[in-house]
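In: This is a predicted model, with the sequence first.
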Amino acid sequence: MKPLSVSVCGLIVASVLTSAHAGTILGTTYTDTVGNLLVSNGCCFVEQQIQINQTTQVSAIDLGLAGNGADPFNFYLTDAIGSIANANSVLYQASGAFPNGFSGTITTLTPAQTLSLQPGTYYLVLATTVQDLNGPDGWDYVGSLNDVLPSSVVSIHGVGDTQTRAASSFPNVQSPWESNFFPVVGGAFTPPAFEFDLQSPSSTATPEPASWLLGGVGLIGLLLIQRPRFSCR
């Protein structure tokens with residue numbers, strides 16, 4: 001009975017090891033960068049809209065940024081933008097520095113606590129407190145909707161910015177998410193999506209069906225043992 005007892009322990013351990021894993025919830029690739037949209041407090045704050053279809057846990061947010069210096073940026077995850085937004089609309093905010101280089105740099109933002117997002121519409125807002133002091137800072141965008149990763153949890157909507165079209169459309173420097181955003185349309189090309197991804201926490205992943213099956217088989221094996229004198233070593 002000794003070999004059987006060892007294999008049963010192995011089955012139980014396998015069910016535990018396969019139950020936790022991290023992964024991308026939604027986002028884009030970072031290999032088809034076409035350009036970037038300017039971010040400046042003199043003309044342009046930008047936002048990416050997403051739609052979440054079920055309660056989702058987010059442990060990290062990655063952004064594909066470009067820069068020519070180390071100018072600061074402010075990032076906001078909100079559930080509203082524009083005139084209907086207020087201070088309570090901000091669910092998470094973070095500050096950082098644009099990379100000292102052009103397109104192709106991934107910046108990771110890690111909330112102190114996992115974000116629990118209920119079904120609804122959300123916005124990723126990128127702003128800055130400077131006016132291109134060290135050169136162009138921006139958020140990279142992909143060239144095709146084929147660069148959007150498939151997901152059953154959330155979907156990507158259009159991108160927008162505060163590019164000046166009238167005096168009232170200047171970005172709101174004090175509360176960037178309350179700025180008046182417009183859809184981004186650039187001649188014959190409209191950016192499909194900014195480069196970003198949302199990451200899930202590994203600790204909240206639930207066991208997969210196969211893992212439950214392995215665990216169940218292990219328990220059945222224990223019941224069939226007539227001499228339960230073994231230990232997992």
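Out: On my side now, so go ahead.
In: how about the helices of the protein, start to end?
Out: Listed in chain order, the helices of the chain (DSSP state H) span 2-17, 209-224.
In: Check those helices for me: which has the lowest mean pLDDT.
Out: The minimum mean pLDDT among the helices of the chain belongs to helix 2-17 (a mean of 35).
In: low-confidence ranges in the protein?
Out: Scanning the chain for pLDDT under 70 picks out the ranges 1-22, 132-135, 163-170, 186-189, 203-233.
In: What are the boundaries of the strands in the chain?
Out: 23-27, 33-38, 46-52, 56-58, 60-68, 72-78, 90-97, 100-109, 115-117, 120-127, 138-142, 154-161, 182-183, 196-200 (DSSP state E).
In: give the contact list for the residue nearest the centre of the chain.
Out: Centroid check for the chain by Cα atoms, centre = their mean gives L198 as the closest residue, at 1.7 Å. By Cβ atoms under 8 Å, 6 or more residues apart in numbering, L198 lies in contact with 24-27, 56, 58, 60-61, 154. C-beta here means a position set from N, CA and C on the backbone, and glycine is covered the same way.
In: Tell me how many other residues crowd T107.
Out: By other Cβ atoms under 10 Å, the residues close to T107 number 18.
In: was I right about it contacting A66?
Out: No: using Cβ atoms under 8 Å as the test, T107 is too far from A66 to be in contact (10.3 Å).
In: between these two, what contacts are shared?
Out: With Cβ under 8 Å, 6+ apart as the test, T107 and A66 both reach P99.
In: what residues does stretch 175-184 touch?
Out: With Cβ under 8 Å, 6+ apart as the criterion, stretch 175-184 contacts 37, 45-47, 74, 76, 78, 80-83, 85-87, 89-90, 123, 125, 127, 158-163, 165, 168-172, 190-191.
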